[in-house]
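Novice: give me a model of this one.
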Amino acid sequence: MLQTLEVDAAVHTLSFSSDGTYVQANRRPLYTTFIFDGRAVSRRNLPRSVFIKEQWAGLYMENLLWLPSDQRSSCIAIHESIVGFGYLSGRVLVMEFAF
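Specialist: Numbering: from 1, shown residues only. Sure, this is the predicted structure:
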């Protein structure tokens, strides 16, 4: 997990900016600092092959990570290997998958 953000309303839509520098929820930009171990997280030039389908996160066509029910969101956004999960509780969870 890279970061958890709290939004003041249920998150119904979620998207990344084209350059991946911020997440937008319900038409409101959420500026983030993806810090991991004191360093900025590397943005690999991976093809958009990471996916979230039902209760699974995967790479290409293979299911790799089962998402428990509390991690299943109302909406998702994917930018390269970074996935944003939006929840009706107003929480936005940002994860980087390093396959």
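Novice: ok, the residue minimising distance to the centre of the chain - contacts?
Specialist: Centre of the chain computed as the mean C-alpha position; nearest residue by CA atoms, centre = their mean is residue 84, 1.6 Å away. For residue 84, the contacting residues are 14, 16, 23, 76-78, 92-94, by CB atoms under 8 Å, 6 or more residues apart in numbering. C-beta: built from backbone N, CA, C; applies to glycine.
Novice: can you rerun that using 7 Å?
Specialist: 14, 16, 23, 76-77, 92, 94 (CB atoms under 7 Å, 6 or more residues apart in numbering).
Novice: helix or strand: which one has the closest residue to residue 58 other than its chain neighbours?
Specialist: Leaving aside its chain neighbours, residue 58 sits nearest to residue 64 (4.9 Å; criterion: CB to CB, 6 or more residues apart in numbering). Secondary structure from DSSP states H and E places residue 64 in strand 62-66.
Novice: who touches that strand?
Specialist: Contacts for strand 62-66 (CB under 7 Å, 6+ apart): 55-58, 99.
Novice: which one of those sits closest to residue 7?
Specialist: Using CB to CB, residue 57 is the member of the contacts of strand 62-66 that sits closest to residue 7, with 21.9 Å.
Novice: report pLDDT for that closest one.
Specialist: We have a pLDDT of 88 for residue 57.
Novice: list the beta-bridge partners for it.
Specialist: Per DSSP bridges, the residues bridged to residue 57 are residue 52, residue 65.
Novice: look up how far residue 97 lies from it.
Specialist: 6 Å (CB to CB, to the nearest Å).
Novice: looking at the two, which one has more neighbours?
Specialist: Between residue 57 and residue 97, residue 57 has the larger neighbour count (other CB atoms under 10 Å), namely 21 against 18.
Novice: who touches that one in this structure?
Specialist: 64-65, 67, 97.
Novice: same check on residue 51?
Specialist: residue 58.
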